[in-house]
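[1] need coordinates for the following:
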Amino acid sequence: MLPVDLVQANSQESFKRQLDLFLRTKDSITL
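    Purely as a prediction, here's the structure:
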């Protein structure tokens, strides 16, 4: 795997985690 692919995969995972966390935070604020 190329380093660029690795970085892209990592940032995508990170983005998904951030989004998941954001949605959960938003839900708890709404509740």
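[2] just the pLDDT at L31, thanks.
    Reported pLDDT at L31 in the predicted model: 65.
[3] ok, now L19?
    Predicted confidence (pLDDT) for L19: 96.
[4] for stretch 3-10, list the C-alpha coordinates in CSV.
    Extracted C-alpha coordinates of stretch 3-10, given in CSV (Å, rounded to 0.1, in the frame of the first residue of the first chain):
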residue,chain,number,x,y,z
PRO,A,3,1.8,6.0,1.9
VAL,A,4,-0.7,8.3,0.2
ASP,A,5,-3.4,5.5,0.3
LEU,A,6,-2.5,4.9,3.9
VAL,A,7,-2.9,8.6,4.8
GLN,A,8,-6.2,8.7,3.0
ALA,A,9,-7.5,5.7,4.8
ASN,A,10,-6.4,7.1,8.1
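[5] buried residues in that stretch?
    By neighbour count with 16 or more other CB atoms under 10 Å, stretch 3-10 contains no buried residues. Yep, even glycine has a C-beta here, placed from its N, CA and C like the rest.
[6] pLDDT weak spots in this structure?
    Across the chain, the ranges flagged by pLDDT under 70 are 1, 31.
[7] for V7, helix, strand, or coil?
    Secondary structure state of V7, per DSSP: H, G, I helix; E, B strand; the rest coil, is helix.
[8] roughly how far apart are it and K26?
    28 Å (CB to CB, to the nearest Å).
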